[in-house]
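[1] After the sequence you'll find the predicted model.
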Amino acid sequence: MEALPSTDMPACPICTMTDLLDGGGYHECATCGHEWDKAQPDELTVLDANGKQLSNGDNVTLVKDLKINGKSGRLKAGTKIKSIRLVDGDHPIDGKVDGRSMLIKAEFVKFA
Ligand SMILES: [Zn+2]
């Protein structure tokens, strides 16, 4: 069994004890019996070139030319990317350009 870092340990909202039972989709407090849904993962904080927070489904525009791997060369500044999805990592913008899915650094785009 893996030891979890203590900072990841949720506490019971009722009695604040951390002795929890895992009920699958919910936590159960071993101390007072309170049950609650597991917290959703924190929303990713992804800031665009202007420091504006981006959300899933946003449309963005490239602020600089980007080289892309493969034959298709580069993406031009000003290229629109619609309905982005945010992912974890150092290239947190997952979007489609010309039907191709790609991952882009957040500082290379701005909210459109
Ligand atoms: Zn409790």
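    Arrived safely.
[2] tell me the domain boundaries of the protein?
    Using automatic domain parsing, the domains assigned to the chain come out as 6-37, 46-111.
[3] what about the longest strand in the chain?
    Secondary structure of the chain per DSSP state E: the longest strand is strand 80-86.
[4] Tyr26 and Trp36 touch, don't they?
    Yes. Checked against C-beta atoms under 8 Å, the pair Tyr26 and Trp36 is within contact range at 6.1 Å. (Each C-beta comes from the backbone N, C-alpha and C, glycine too.)
[5] of these two, who's got more company?
    Set Tyr26 next to Trp36 and count neighbours by other C-beta atoms under 10 Å: Trp36 wins out with 15 against 12.
[6] list the helices and strands the longest strand of the chain packs on?
    strand 60-62, strand 93-97 (3 or more C-beta pairs under 8 Å, 6 or more residues apart in numbering; DSSP states H and E).
[7] Kindly compare burial across those strands and name the winner.
    strand 60-62 (a mean of 21; mean count of other C-beta atoms under 10 Å).
[8] If we ignore the residues flanking it in sequence, what's nearest the residue most central in space within the chain?
    Nearest to the mean C-alpha position of the chain, counting by C-alpha atoms, centre = their mean, stands Leu44 at 3.5 Å. In this structure, Leu44 finds its nearest non-sequential neighbour in Leu86, 4.7 Å apart by C-beta to C-beta, 6 or more residues apart in numbering.
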